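*Asks:* Pasted the sequence and its predicted model underneath.
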Amino acid sequence: MSRLLGRRVALVTGASRGLGLAICRRFAAEGAAGTAFDLPGAEAEATAALPHGFAFAGGDVRDEDALAAAVADTVDRHGRLDILVANAGLVPPWRETEALDFDEWDRVMAVNVRGVAAALKQAIPALKAAGGGTVVAMASVNAVVAHPRQMLYTASKHAVLGIVRAAARDLGRHGIRVNGLAPGPIATEALVARIAARAENGTGPASDAALDSFAAATALGRLATVDDVAKAALFLACDLSSGITGALLPVDAGLA
């Protein structure tokens, strides 16, 4: 049987763990190969976890030269680039508006917004050379809604949605589709750690209670999973979504 991404080549940023790693594994299961891009310190962990066909490339999405090198290496090894998944991102601590830290603001915006735009910029020539392709940018439900004490994260993900919509307009004539994913709360190690930290400092409920509350607010009565997000990324990356661009796909289990 043919697979949905047979012979296609992907570059996934923020791919050493969590959503990025799950996307690499899902893509590999559907026939893709490519590059997992993440900070150099993640190489040992990522190399042990990556699926067959995916190689690790170390770098920071704030560094255009590192991104350009990853694209070039991917093309050198595989002859082409068909898919970019701009997944790398930071989730800052919860803060009241009056407590905004603008060093933190600049750091998060540099990764969550500039990093997405830079990855897209560096991938475009290779995607054009391949005759077109797909881009999946990791946004969030916070690309369209806000939550208390999350101004910075919300602003950064609203910006990702803007990048998706603008790039889709620019690149459609080249056969390049650009879409975004909007996960709701996903019980990744990172989210569980943030909830535990809030519980420990008295600013939030215990972890189990917090996760149960998130689940109760969904139509499915459960949290969306890492695998749910990886499947949605697969859908946007493959030909099943061939008529879709400039869209934001929620993966939130029907979050109310």
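*Replies:* Arrived safely.

*Asks:* okay, CA-based contacts and neighbour counts for the rest of this
*Replies:* Will do.

*Asks:* Residue for residue, what is the longest helix the protein has?
*Replies:* helix 151-171 (DSSP state H).

*Asks:* what's in contact with that one?
*Replies:* Residues external to helix 151-171 that are found in contact with it (C-alpha atoms under 8 Å, 6 or more residues apart in numbering): 91-92, 95, 97, 105, 108-109, 112-113, 116-117, 137-140, 142-147, 176-180, 245-248.

*Asks:* ok, of those residues, which come out buried?
*Replies:* 105, 108-109, 112-113, 116-117, 137-140, 142-143, 176-180, 245-248 (16 or more other C-alpha atoms under 10 Å).

*Asks:* Which ones among those residues map onto strands?
*Replies:* If you go by DSSP state E, those have 137, 138, 176, 177, 178, 179, 180, 248 in strands.

*Asks:* just these now: which is nearest residue 17?
*Replies:* Of all these, residue 17 sits closest to residue 138, with 14.4 Å by C-alpha to C-alpha.

*Asks:* Tell me how far residue 32 lies from residue 81.
*Replies:* In this view, residue 32 and residue 81 are 11 Å apart by C-alpha to C-alpha, to the nearest Å.

*Asks:* and for these two, which residues touch both?
*Replies:* Shared contacts of residue 32 and residue 81 (C-alpha under 8 Å, 6+ apart): 8, 9, 10.

*Asks:* and residue 131, how many neighbours does it have?
*Replies:* For residue 131, the number of neighbouring residues by other C-alpha atoms under 10 Å comes to 13.

*Asks:* is it true that it touches residue 173?
*Replies:* No: contact criterion C-alpha atoms under 8 Å: residue 131 and residue 173 do not qualify, at 10.8 Å.

*Asks:* Could you count how many residues lie near residue 229?
*Replies:* If we define neighbours as other C-alpha under 10 Å, then residue 229 has 25 of them.

*Asks:* residues near residue 50, how many?
*Replies:* Residue 50, neighbours per other C-alpha under 10 Å, totals 21.

*Asks:* burial of residue 133, as a residue count?
*Replies:* Neighbours of residue 133 (other C-alpha under 10 Å): 27.

*Asks:* Run through the bridge partners of it.
*Replies:* Assessed by DSSP bridges, residue 133 has beta-bridge partners residue 176.

*Asks:* ok, it - contacts?
*Replies:* Shown in contact with residue 133 (C-alpha under 8 Å, 6+ apart): 81, 82, 83, 127, 175, 176, 177.

*Asks:* One more pass at 6 Å, please.
*Replies:* Residue 133 sits next to 82, 83, 127, 176 when contact means C-alpha atoms under 6 Å, 6 or more residues apart in numbering.

*Asks:* So which of the residues you listed belong to helices?
*Replies:* Using DSSP H to define helices, the subset of the contacts of residue 133 located there is residue 127.

*Asks:* Dump the longest helix of the chain to CSV, keeping only the CA atoms.
*Replies:* What follows is helix 151-171, C-alpha atoms only, in CSV (Å, rounded to 0.1, in the frame of the first residue of the first chain):
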residue,chain,number,x,y,z
MET,A,151,-0.7,38.0,27.3
LEU,A,152,2.8,37.1,25.9
TYR,A,153,2.0,33.6,24.7
THR,A,154,-1.4,34.8,23.3
ALA,A,155,0.3,37.7,21.4
SER,A,156,2.9,35.3,20.0
LYS,A,157,0.4,32.8,18.7
HIS,A,158,-1.9,35.5,17.2
ALA,A,159,1.2,36.5,15.3
VAL,A,160,1.8,32.9,14.1
LEU,A,161,-1.7,33.0,12.7
GLY,A,162,-0.9,36.2,10.9
ILE,A,163,2.2,34.6,9.4
VAL,A,164,0.1,31.6,8.2
ARG,A,165,-2.5,33.8,6.5
ALA,A,166,0.0,36.2,4.9
ALA,A,167,2.4,33.5,3.7
ALA,A,168,-0.5,31.5,2.2
ARG,A,169,-1.4,34.5,0.0
ASP,A,170,2.2,34.9,-1.0
LEU,A,171,3.1,31.3,-1.8
